[in-house]
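> I'll drop the sequence and a predicted model, then ask my questions.
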Amino acid sequence: MSKQLNRVIVKGGVLSPGELKYICESVESLGQETISFGSRQDILLPKKVKKEDLSQFDKLQVVEADEIGIENMVSSYVCADIFPSTSWLTGDRYLYILEQFRSKSTLKINITDPKQRLVPLFTGHINFIASEHEDYWYLYIRLPGWDEIKMYPALIYTWDLDKIETTIENILKEEPETIETIFELVNDALDANNRTVDKPLEVPFYPFPYFEGMNKIGPDKYWLGLYWRNNKYDISFLKEMCELCSENKIGKISITPWKSFIVKGIPRESKLVWEKFLGKRGINVRHSMLELNWHLPVANKEALNLKKYLVANFDQNDISTYGLTFGITNYSKASYYFTSIVVQKNKQPEMIGNFQTRDTYNLLYAKNFDPNTRQYIMHVQDVDKVELPGLLMELSQLYFDDLGSEKEDEKGAEVKKEQVELEVYQCQDCFTIYDEAYGDVTQNIAPETLFTALPENYECPLCEASKSNFEKVVMVK
């Protein structure tokens, strides 16, 4: 059974070396020697540390183990500059966005780039996902109690993200059951600079990245990823590392959802200094991908031992898991996964007396082995622990057999696909499209509304140009 731990909120998983050092010193003063990282890019403290013991450290926002209703915000800032990214979504842009969120949130918020793979897109209650339009975001909502995630029918402007999220929190007492109800309530309460959704969200597929070790950024910088398999990071090491960051004028440290952290912007001339620093400390920076890409319940020794057992079997059989991610969880209908493959422990039946039954497991895998599809397929059910290594190797082989085949099929389909001409109306100032099939949700224009039937005071939802500024154009699809 996993433990509930005290958490330090780290907004977006981003903090300065000075802030991390302050946290380390605060915890160290209470006799602790380590901290851990959580799957939502926060910092975990031992349960015996009480909130009142940390009250003297007023710069920390600590959530007690049994406290409900304060969630950390997740962001893919950690991926900026080092992994594939949407062109307009720079590291600086993330920081400006995170700064606008000032209130405590009772909902889980994700702010992510769909072109990176390290940070999950859909694990929040409120999921803002960058679009191709600069400063506009898709919004996917899955409120507590909802079985499915739903797309908000408009793109959200960057500087409205906090206002939209706060408004949704405020209307929760009305228990909205549909995305349409949320849209109406938010529109009634807020004047937002929305934009029409002109095409579905596209999430490109990339194999899961290797996120550890010293790696190059551009001609004269490096980034360093550090992972400790027991997720207990030595405070004395972290304090010394923060001082080294300050000496190198490194302003930010990023926590990943995989119990690791990343330091970006190490100067080329300091690379040897960092390598000596890690070597003298005996820090391993080349863990095998067999053990890196696992999501486990926090402080769960049983799950950790199962992972070690499975990884040892992979290693003995020279199995590759490049691009795959694994999760271990207890059975729950409400579970929401973000790994390629899930090992799900079944609940033990209630027995009378001292009679004991064996533990059994289910294996699930994401459609196309991509957790962003949010569709999971049951591979096997009710199998023993000893059967798991062989079955996971079987799934690994299936992944590599299928890798790239879907894309090839899609390419083949594109060659055979006939071109379709589509008439739409386009604003000549900002090139926003009005498609009669979709209407304009930002101005309550229903789908299938002809452009000629729009009111004469209709305006472009982006630049507010008049209806007369739109011209008919033909798009080829």
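Good, I have the coordinates. Residues are numbered from 1 along each chain as shown.

> Any figure for the gap between the residue nearest the centre of the chain and Pro257?
Nearest to the geometric centre of the chain sits Pro120, at 2.7 Å (CA atoms, centre = their mean). With distances taken as CB to CB, to the nearest Å, Pro120 is found 7 Å from Pro257. The way it works is simple: take the backbone N, C-alpha and C, and place the C-beta from them, glycine included.

> now do Lys59
Using CB to CB, Lys59 is found at 24 Å from Pro257.

> Do I have it right that Lys467 meets Thr452?
No - taking contacts as CB atoms under 8 Å, Lys467 lies outside contact range of Thr452: 9.9 Å.

> ok so, going back, could you pull up the contacting residues of the residue nearest to the centre of the chain?
Pro120 makes contacts with Val74, Asn110, Thr112, Pro257, Phe338, Pro371, Asn372, as judged by CB atoms under 8 Å, 6 or more residues apart in numbering.

> Looking at Lys467 and Thr452, which has the bigger crowd around it?
A count of neighbours by other CB atoms under 10 Å puts Lys467 above the other of Lys467 and Thr452, at 17 against 8.

> So for the more buried one, what's the nearest residue that isn't a sequence neighbour?
Spatial nearest neighbour of Lys467, excluding adjacent residues (CB to CB, 6 or more residues apart in numbering): Tyr458 at 4.4 Å.

> Surely that neighbour and Gln443 touch.
Yes - in terms of CB under 8 Å, Tyr458 counts as a neighbour of Gln443; the distance is 6.9 Å.

> so Glu464 is in which element?
Glu464 belongs to no helix or strand when elements are defined using DSSP states H and E.

> What pLDDT is listed against it?
Looking at Glu464, its pLDDT reads 80.

> Pull the number of nearby residues for it.
By the measure other CB under 10 Å, the count of residues near Glu464 is 11.

> Could you do Leu155 as well?
Neighbour tally, Leu155, other CB under 10 Å: 21.

> contacting residues around the residue nearest to Lys467?
Contacts for Tyr458 were tallied using CB under 8 Å, 6+ apart; they are Gln443, Ile445, Ser466, Lys467.

> follow-up on the earlier one: overlap in contacts of Pro120 and Pro257?
Contacts common to Pro120 and Pro257, judged by CB under 8 Å, 6+ apart, are Val74, Phe338.

> Helices of the stretch 151-300 of the chain, residue ranges please.
Per DSSP state H, counting those that start in this stretch, the stretch 151-300 of the chain carries helices over the ranges 161-170, 179-189, 235-247, 271-281, 289-292.

> next one: the stretch 301-450 of the chain
Going by DSSP H, counting those that start in this stretch, the stretch 301-450 of the chain shows helices at 301-316, 388-402, 405-416.

> In terms of secondary structure, what does the longest one contact?
Under the contact definition 3 or more CB pairs under 8 Å, 6 or more residues apart in numbering; DSSP states H and E, helix 301-316 sits against helix 289-292, strand 326-330, helix 388-402.

> swap the cut-off to 6 Å and go again
On a contact count with 3 or more CB pairs under 6 Å, 6 or more residues apart in numbering; DSSP states H and E, helix 301-316 meets helix 289-292.

> Quick check: buried residues in the helix it packs on?
Neighbour counts over helix 289-292 (16 or more other CB atoms under 10 Å) mark Met289, Leu290, Glu291, Leu292 as buried.

> pLDDT averaged over that helix - what is it?
On average, helix 289-292 scores 82.

> So which elements touch that helix?
Packing partners of helix 289-292 (3+ CB pairs under 6 Å, 6+ apart): helix 301-316.

> Let me know the angle separating the helix it packs on from helix 388-402.
60 degrees (axes from the mean of the first three to the mean of the last three CA atoms, to 10 degrees).

> Next, count neighbours for Phe37.
24.

> Quick one: residues contacting it.
Phe37 is in contact with Ile255, Lys259, counting by CB atoms under 6 Å, 6 or more residues apart in numbering.

> And it, how far from Leu45?
Distance of Phe37 to Leu45, computed by CB to CB: 11 Å.

> Low-confidence ranges, the stretch 251-400 of the chain, go.
331-335, 349-357 (pLDDT under 70).

> Contacts for stretch 207-214 next, please.
Residues outside stretch 207-214 that contact it (CB under 6 Å, 6+ apart) are 83, 117-118, 222, 224-225, 227, 285-287, 293, 323, 325.

> Mind picking the two most distant members of those?
Largest separation among the contacts of stretch 207-214 by CB to CB: Tyr222 and Thr325, giving 24.9 Å.

> Neighbour count: the two, which is higher?
Higher neighbour count among Tyr222 and Thr325: Thr325, with 24 against 21, using other CB under 10 Å.

> thought the more buried one was touching Leu292?
No - taking CB atoms under 6 Å as the definition, Thr325 is not a contact partner of Leu292, at 9.1 Å.

> Enumerate every residue touching the residue lying closest to Asn215 once chain neighbours are set aside.
Once flanking residues are discounted, Asn215 sits nearest to Trp223: 5.4 Å by CB to CB, 6+ apart. Going by CB under 6 Å, 6+ apart, Trp223 touches Ile82, Asn215, Ile217, Lys264.

> For Trp223, list each beta-bridge partner.
Asn215, Lys264 (DSSP bridges).

> From Tyr309, how far off is it?
Note on Trp223: its distance to Tyr309, by CB to CB, is 32 Å.

> that older thread, Lys59 and Pro257: which has the busier surroundings?
Using other CB under 10 Å, the more surrounded residue of Lys59 and Pro257 is Pro257, with 20 against 8.

> Grab the nearest non-local neighbour of Phe205.
That would be Asp370: by CB to CB, 6+ apart, it lies 5.6 Å from Phe205.

> picking up where we left off before, looking at the contacts of Pro120, which are in strands?
Judged by DSSP state E, strands contain the following of these: Val74, Asn110, Thr112.

> show me the contacts for the residue lying closest to the second one once chain neighbours are set aside.
Using CB to CB, 6+ apart and skipping residues adjacent in sequence, the residue nearest Asn110 is Gly124, 3.7 Å away. Applying CB under 6 Å, 6+ apart, one finds that Gly124 lies in contact with Lys108, Ile109, Asn110.

> can you check Ser396 too?
So Ser396 contacts Ile319, Thr321 (CB under 6 Å, 6+ apart).
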